[in-house]
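Trainee: heads up, no residue letters with this:
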């Protein structure tokens, strides 16, 4: 009988070893994910999203900004993480500073974004 207990004990250690290995792998994967996801990465992704949106919708944004309202302007405000309480100021800024934001018909999306950021900084938006 003693031999049966020893045999059964050795059989039960294998599942424990397997679950320990699985737990270790899960922990390693979680650590890898959280250590590679930093605030800088999020800010960089947000900036890329803004640039892509502006490039893809440049003429529509230009039209919205000329009147200080519109779907594309509202979407840009969201992408720029402008607080809802400051959005009316942002919309007015784009309308009132339209000629500074779009210096010519040749203004590029990159030039526009650079100027918009300057205008927003001056207006504390």
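Mentor: On my side now, so go ahead. What you see is a predicted model; the values in this text were computed from it and never measured.
Trainee: continuing past the helix or strand of the chain with the lowest mean pLDDT, what's the next helix or strand?
Mentor: Using mean pLDDT, DSSP states H and E, helix 2-36 stands out as the lowest-scoring helix or strand of the chain, at a mean of 50. Sequence order places helix 39-56 as the next helix or strand after helix 2-36, per DSSP states H and E.
Trainee: Other residues contacting the helix or strand just after that following helix?
Mentor: Secondary structure here is assigned by DSSP H and E; on that basis, the next helix or strand after helix 39-56 toward the C-terminus is helix 58-67. In this structure, residues lying in contact with helix 58-67 by C-beta atoms under 8 Å, 6 or more residues apart in numbering are 54, 70-73, 76, 94-95, 98, 101-102, 109, 112. For the C-beta atoms, the positions are set from N, CA and C on the backbone; glycine is no exception.
Trainee: swap in stretch 82-92?
Mentor: 68, 69, 73, 74, 77, 80, 120, 123, 125.
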